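Trainee: No letters, just coordinates:
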């Protein structure tokens, strides 16, 4: 049986049972076997433990709920392989994911992050994503940063195998919620080498129980923060800086289409990098301050109308 000690597939889980077995079996049924580990963030049941026991999979349970970002980091702390990939408990790997990873590492031993293309599994079946991704070998992350600015954010962290020594947790500065994985990857991209496999080797499931669906405001606010405070600061090209600034403004306006004044006030009571960022923009950017004083329905109507007009033109 082909196997490797270069990669651990870690599955951070909490409460949700519905798709777990499919995800776990996709990790176990690889053409090249690797270590598989389930990290339970102190769920109220023993379902994950029992399944892992039955299948002979390594199971670890936190003594308390340590938060999503910290639980994602746990796989890197507990694993003893050079690379770790976090498989979401509702997603699936293609059977040849590990095989493709090994082929890339064999050709480019200095890779820090290996990722693949992916497909969305929706209630309408499998559909393509809307992101534009760079593929092939990249000695540094400049192209990752450039693509993030030019073609909108979309780095497939969920489909990534990451060198364990490159991850210093998620620094818990990102415990404000939102897309902490994107904050981390775009913040550190210029320090890493990448390999992107253009084959679709990961299935991303979209459903109502996703954290992104339940905490939409946090995720929406992550995006302008990344454009403004991360990507804009990493590029010297004036055009890229301008595009990053424009994208940050557009995403803040889009955020207002989701968040009424009450929601914004509650969010601003928090002390996170994202709430502090919004507070700073409201205090120092007259355009954003004006937009956020307007009624949400009106902003939504104008925003959607402008997007339709832009599509026509």
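Mentor: That came in fine, so what should we check first? In this text the structure is predicted, and so the values were computed from the model without any measurement. Numbering: from 1, shown residues only.

Trainee: mind listing what's buried in whichever strand or helix holds residue 242?
Mentor: Element membership for residue 242 (DSSP states H and E) is helix 238-256. Applying a neighbour-count criterion of 16 or more other Cβ atoms under 10 Å, one finds 240-241, 243-245, 247-256 buried in helix 238-256. The C-beta positions use only the backbone N, C-alpha and C, and glycine is treated the same way.

Trainee: What sits closest to the residue most central in space within the chain if chain neighbours are left out?
Mentor: In the chain, the residue lying closest to the centroid (Cα atoms, centre = their mean) is residue 181, at 4.3 Å. Spatial nearest neighbour of residue 181, excluding adjacent residues (Cβ to Cβ, 6 or more residues apart in numbering): residue 157 at 4.1 Å.

Trainee: Kindly report the same for residue 243.
Mentor: Distances taken as Cβ to Cβ, 6+ apart place residue 149 nearest to residue 243, at 5.2 Å, with adjacent residues excluded.

Trainee: swap in residue 257?
Mentor: Spatial nearest neighbour of residue 257, excluding adjacent residues (Cβ to Cβ, 6+ apart): residue 300 at 4.0 Å.

Trainee: swap in residue 221?
Mentor: Excluding the flanking residues, the one nearest residue 221 by Cβ to Cβ, 6+ apart is residue 274, at 4.7 Å.

Trainee: Show the model's pLDDT score for that neighbour.
Mentor: The model reports residue 274 with a pLDDT of 86.

Trainee: helix or strand for it, which one?
Mentor: Secondary-structure element containing residue 274, defined by DSSP H and E: helix 273-284.

Trainee: After that helix, which helix or strand is next?
Mentor: helix 286-293.

Trainee: Can you tell me what sits against that following helix?
Mentor: Residues outside helix 286-293 that contact it (Cβ atoms under 8 Å, 6 or more residues apart in numbering) are 249, 252-253, 256, 261, 264, 281-283, 299.

Trainee: Relative to the whole chain's centre, how far out is that helix?
Mentor: Taking Cα atoms, centre = their mean, to the nearest Å, one finds helix 286-293 lying 29 Å from the centre of the chain it belongs to.

Trainee: Mean confidence (pLDDT) on that helix, please.
Mentor: Rounded mean pLDDT across helix 286-293 is 94.

Trainee: Show me the shaky parts of the stretch 201-313 of the chain.
Mentor: Along the stretch 201-313 of the chain, segments meeting pLDDT under 70 span 209-216, 218, 309-313.

Trainee: can you do 90?
Mentor: The stretch 201-313 of the chain contains residues with pLDDT under 90 at 206-222, 255, 258-275, 301-313.

Trainee: related to what we said a few turns ago, state the helix or strand in which the residue nearest to residue 257 lies.
Mentor: Here residue 300 sits within helix 296-312, counting by DSSP H and E.

Trainee: hang on, the earlier thing: just checking, the residue nearest to residue 221 touches residue 225?
Mentor: Yes - here residue 274 reaches residue 225: they are 5.6 Å apart, a contact under Cβ atoms under 8 Å.

Trainee: who touches residue 5 in this structure?
Mentor: Contacts for residue 5 (Cβ under 8 Å, 6+ apart) come out as 34-35, 81.

Trainee: Ranking by neighbours, what's the top pick from those?
Mentor: For these, the largest number of neighbours (other Cβ atoms under 10 Å) sits with residue 34, at 23 neighbours.

Trainee: Tell me where the stretch 51-200 of the chain has helices.
Mentor: Ranges of helices in the stretch 51-200 of the chain, per DSSP state H, counting those that start in this stretch, are 68-78, 97-107, 142-150, 180-188.

Trainee: most packed of the ones you listed?
Mentor: The highest mean neighbour count among the helices of the stretch 51-200 of the chain, using mean count of other Cβ atoms under 10 Å, belongs to helix 180-188: a mean of 22.

Trainee: What helices and strands are in contact with it?
Mentor: Helices and strands touching helix 180-188, by 3 or more Cβ pairs under 8 Å, 6 or more residues apart in numbering; DSSP states H and E, are helix 68-78, helix 142-150, helix 216-225.
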